[in-house]
Every structure is written in structure tokens, then in C-alpha cells.
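Asks: Provided below for reference: sequence and predicted model.
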Amino acid sequence: MEAHQLTRERVRHVVSEDQSGFYRLGYVLNGRFHTTYVGRSDTCLQRRLLVHVRESWQEAFVARPAENKAEAYRMECLFYHLEQPDLGNKIHPGKPDGVSAECPYCLQEAAIANSSTTTTTITNAD
Ligand SMILES: [Zn+2]
């Protein structure tokens, strides 16, 4: 996913209207994008990003359209879990209306936490 300046012109240019999708806000340092906020829109990704432009609290964004709001939600959850220590998001993404699937990454963490057979084996192959 390519990073763009968070301006009205860039958002209008790279994000289609009336499409659900997922985005990250952040900044670019030494050519690398650092995420400070993750989000999604179930209806219009472009409109959602334009709201962030008006708030002008982040300088760059990456955006990815989704097939549907379930996919947008899954992407948002993935990056929420991956980047959580660095994020301004304080609460887990909410499930969109009409989507019944739970966050797969929460389910995975719960499964790991509840597993009594988890062992760590360190093999020194040398
Ligand atoms: Zn989760």
C-alpha cells in the first residue's frame, strides 16, 4: 500500500467515492510509513478520509478499497492488532452492522491464551 499526503486533492485522486475500505493514518519517516491510527468506512472511504483532512491531525495516509464491509472490518482488525502499541485507537474496532463474524485475531489470541498444551521448545541446532 502506497502512502500519500493527507490532502483533499490526494484523497479525491486516489480513493473512489461510494466504496467501502480500510485506511491507515500516520507519517513517513526515512521512507517508511508509520501508522498512528487505523480506520475503515462501510459506505464511502473517500468521505471518511476527507473528514480526517479537515481535522488535519495526520500528514499521510494509505488506503485500500474492500470488496465489502466485512473485508474492510477484517483489514482494520488486522492492523489494529499488528500496530496496537503505537496507535491512537484506544478501543477495538466495532463490528459493522450486518456482519456476524467476530474479529479473527481476537479469536486467535483467546485460543492461544486458553490453550493448556502450549509449550515453547527451543532447539539448539548447532
Ligand atoms: Zn480483534
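Replies: Yep, that arrived. Numbering: from 1, shown residues only.
Asks: From here on, just use CA atoms for contacts and neighbour counts.
Replies: Will do.
Asks: Output the longest helix along the chain as CSV - backbone C-alpha positions only.
Replies: For the chain, the longest helix by residue count, based on DSSP state H, is helix 69-83. Output of helix 69-83 as CSV, limited to C-alpha atoms (Å, rounded to 0.1, in the frame of the first residue of the first chain):
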residue,chain,number,x,y,z
LYS,A,69,-17.7,-4.1,4.8
ALA,A,70,-16.8,-7.5,6.2
GLU,A,71,-13.4,-7.3,4.4
ALA,A,72,-12.9,-3.7,5.4
TYR,A,73,-13.5,-4.7,9.1
ARG,A,74,-11.1,-7.6,8.8
MET,A,75,-8.3,-5.4,7.5
GLU,A,76,-9.0,-2.8,10.2
CYS,A,77,-8.8,-5.5,12.8
LEU,A,78,-5.6,-7.0,11.4
PHE,A,79,-3.7,-3.7,11.5
TYR,A,80,-5.3,-2.8,14.9
HIS,A,81,-3.8,-5.9,16.3
LEU,A,82,-0.4,-5.6,14.5
GLU,A,83,0.2,-1.9,15.3
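Asks: how distant is it from the center of its chain?
Replies: 5 Å (CA atoms, centre = their mean, to the nearest Å).
Asks: Stretch 79-94 too?
Replies: 8 Å.
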